[in-house]
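Student: build me a structure from this.
(2 chains)
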Amino acid sequence: MSPTKAARATTPKKPRANGTRAAAGPYAQFMARAYAMETDAAERYADFADQMDVHNNPEVAELFRKLSSIEALHAKRILEEMGWKQPPRAPLAWDEAEPPETTAHTELHYLMQPYHALQLALRNEQRAEQFFARIARARKAPPEVRRAATELAEEEREHVRLIREWMKRVPKPEKDWDRDPDPPGLSD
Amino acid sequence: MNAPAIAPALTAQDFKSDYKPVWCPGCGDYTVLASITRALAALQLRPEKVAVVSGIGCSSRIPAYTTCYGFHGVHGRALAAATGLKVARPDLTVLVAGGDGDGYSIGGNHFLHACRRNIDLTDIVMDNHVYGMTKGQPSPTTEPDWKSKLSPAGTGLREFHPLVIALAAGANFIARAFSGDPSGTAAVIGEAIRHPGFSFVEVLSPCVTFRPEQRAWKEAVHPASVAATDDPARAARRLMTDDGFNTGVLYKGTRPAYSAAAGKTTLHPADLEKDFAL
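Tutor: Predicted coordinates for the structure are as follows:
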């Protein structure tokens, strides 16, 4: 059963008093996790785009904004497929330091180039693919969760392929790409 | 009768303002901002019921980047302003945010007395062991042998140990987080807000411009191997032997938070006059 079909088969739950919908049952909880992953990724890329805007790196800002809108679209699709009118409550913490589809803020550089941004996106998609593939292989997971995880892992694999294609069209950075004759850390 | 209106649940994005942070790309403070907004959303607080108070420094810009009430005060005085605010408006959740220079040097005395008074505040110090905003002077937590253009031979001074001092001064909750761990940082901040009394969270937050070597902190940090204790003596032993990279909640005290009502006199000024009646 695809996530769409499985979602239709799931009886909608009553919204909580605070307006959020409790993700009840292993399948809904898994999809809530997938939704949080996509939302985290969309928000992080949007943060990165803002940082590049502030530091006058419009080309990379535009790329991050594009990546953010792609991830936001994925999140929206999960909401629609699950029939959730309100987003499920986001988990406060993930097992790993970083959510499975985001990069740490410390990895950014104000002089980074589009190729660097795509390298970073590639790593994110690979980690997301591994996350879902691990669940798909987990024998203890309910069958509907494993089926959905298999489909999502396949989607992430496709994203990895697309980003690799994208990287071929972007120039590789020169060796001294981060050289700044007037660096911000210079003290007179 | 109409059904009562249900306020929609807020997300972390609802706690972020439209102002774009001006920190350097790579700065740990971005993660701290994201962790604060995530924690506030998870606790289902409302922006109008939260105030973020700061002093001066890179990290002290945080109030402007949230949709909560904000107070960007003078250097080192964030805790003093926050104390007044919380006593006057105990209904608000009051967070204090700043850096190691602002919090431990210029505001060092306020830090001691905020711990001692145990008012229900959450103090988040983004510690990067340097004054970043003013171009890289050594701060109270800078290592004695850190050499820079402004301290060519290092300071030669022993660094400040904020967690030990917080415990000795009476803080009711002590934790350390690392900005490279957004999930852990959000969880610790959430727990600090929930814990009554003065909660102190030190966040190791690298300054990639003046201390680029701090990017390696991600290799050094490790979760504390034991659960938080409520025994100050045990916590003292742990914190005194701490390597500076233990993360998680390290001490959860049971001291009751300060209550303005406890010290309140029931006498009216007119009652005092009775003793002086002729």
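Student: straight-line length of stretch B:167-187, end to end?
Tutor: Length of stretch B:167-187, first residue to last, CA to CA, to the nearest Å: 21 Å.
Student: following the longest helix along chain A, which helix or strand shows up next?
Tutor: For chain A, the helix with the greatest residue count under DSSP state H is helix A:26-54. The element immediately downstream of helix A:26-54 (helix or strand, assigned by DSSP states H and E) is helix A:58-82.
Student: and that following helix, what's buried?
Tutor: In terms of neighbour count (16 or more other CB atoms under 10 Å in any protein chain shown), helix A:58-82 has its buried residues at A:60-61, A:63-65, A:67-68, A:70-72, A:74-75, A:78-79, A:81-82. (Glycine included, C-beta is placed from N, CA and C.)
Student: with respect to chain B, which of those residues is nearest?
Tutor: A:Val60 (9.6 Å; CB to the nearest CB).
Student: which residues does that closest one contact?
Tutor: A:Val60 is in contact with A:52, A:112-114, A:116-117, counting by CB atoms under 8 Å, 6 or more residues apart in numbering or on different chains.
Student: so which bits of the stretch 101-250 of chain B are right by chain A?
Tutor: Residues of the stretch 101-250 of chain B lying near chain A by CB under 8 Å from any CB of the partner chain: B:135-136, B:148-150, B:178-184, B:186-187, B:190, B:206, B:208-210, B:212, B:215, B:218.
Student: contacts for stretch A:156-163?
Tutor: Counting by CB under 8 Å, 6+ apart, residues outside stretch A:156-163 touching it are A:118, A:121-122, A:125-126, A:128-129, A:132.
Student: farthest pair within those residues?
Tutor: Largest separation among the contacts of stretch A:156-163 by CB to CB: A:Leu118 and A:Phe132, giving 21.1 Å.
Student: who has more neighbours out of these two?
Tutor: A:Phe132 (23 against 20; other CB atoms under 10 Å in any protein chain shown).
Student: can you give me the strands for the stretch 1-150 of chain B?
Tutor: Along the stretch 1-150 of chain B, counting by DSSP state E, counting those that start in this stretch, strands occupy B:50-54, B:69-72, B:93-99, B:122-127, B:130-131, B:137-138.
Student: how about a markdown table for the ones you listed, with mean pLDDT and mean neighbour count added?
Tutor: Shown next, in a markdown table, are these (pLDDT from 0 to 100; neighbours: other CB atoms under 10 Å in any protein chain shown):
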| stretch | mean pLDDT | mean neighbour count |
| --- | --- | --- |
| strand B:50-54 | 98 | 26 |
| strand B:69-72 | 97 | 18 |
| strand B:93-99 | 98 | 29 |
| strand B:122-127 | 98 | 28 |
| strand B:130-131 | 96 | 25 |
| strand B:137-138 | 95 | 19 |
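Student: looking at the ones you listed, which is closest to B:Ala168?
Tutor: Closest among the strands of the stretch 1-150 of chain B, once you apply CB to CB, is strand B:122-127, at 15.5 Å.
Student: low pLDDT regions in chain A?
Tutor: A:1-23, A:90-93, A:186-188 (pLDDT under 70).
Student: what residue is smack in the middle of it?
Tutor: Centroid-nearest residue in chain A, with CA atoms, centre = their mean: A:Ala41, separated by 3.3 Å.
Student: test my guess that it contacts A:Glu98.
Tutor: No. Counting by CB atoms under 8 Å, A:Ala41 does not reach A:Glu98; the two are 10.4 Å apart.
Student: within reach of chain B, which of the contacts of A:Val60 are there?
Tutor: Okay, of the contacts of A:Val60 touching chain B (CB under 8 Å from any CB), that's A:52, A:112.
Student: ok, the contacts of A:Val60 vs B:Val125, which is closest?
Tutor: A:Met52 (28.0 Å).
Student: burial measure for the closest one, as a count.
Tutor: A:Met52, neighbours per other CB under 10 Å, totals 23.
Student: could you measure from it over to A:Ser68?
Tutor: Using CB to CB, to the nearest Å, A:Met52 is found at 12 Å from A:Ser68.
Student: one more: B:Phe173?
Tutor: 35 Å.
Student: now do A:Glu155
Tutor: Taking CB to CB, one finds A:Glu155 at 18 Å from A:Ser68.
Student: mind checking the backbone torsions on A:Glu96?
Tutor: For A:Glu96, the backbone dihedrals are phi -90, psi 170 (criterion: degrees, to the nearest 10).
Student: isn't it up against B:Gly184?
Tutor: No. Using CB under 8 Å, A:Glu96 is not in contact with B:Gly184, being 9.8 Å away.
Student: circling back to that earlier point, what is the longest helix of chain A packed up against?
Tutor: With contacts defined as 3 or more CB pairs under 8 Å, 6 or more residues apart in numbering or on different chains; DSSP states H and E, helix A:26-54 has these neighbours: helix A:3-9, helix A:58-82, helix A:114-137, helix A:143-168, helix B:29-42.
Student: in TSV: the contacts of A:Val60, plus distance to A:Ala141.
Tutor: As requested, the contacts of A:Val60 are exported to TSV (distance: CB to CB, whole Å):
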residue	distance to A:Ala141
A:Met52	39
A:Met112	38
A:Gln113	40
A:Pro114	38
A:His116	36
A:Ala117	34
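Student: from the contacts of A:Val60, which is closest to B:Glu273?
Tutor: Distances from B:Glu273 to the contacts of A:Val60, taken by CB to CB, are shortest for A:Met52, at 68.5 Å.
Student: mind listing what the closest one touches?
Tutor: Per CB under 8 Å, 6+ apart, neighbours of A:Met52: A:58, A:60-61, A:64, A:110, A:112, B:25.
Student: okay, helices next: where are they in the stretch 1-150 of chain B?
Tutor: B:29-42, B:78-88, B:100, B:108-117 (DSSP state H, counting those that start in this stretch).
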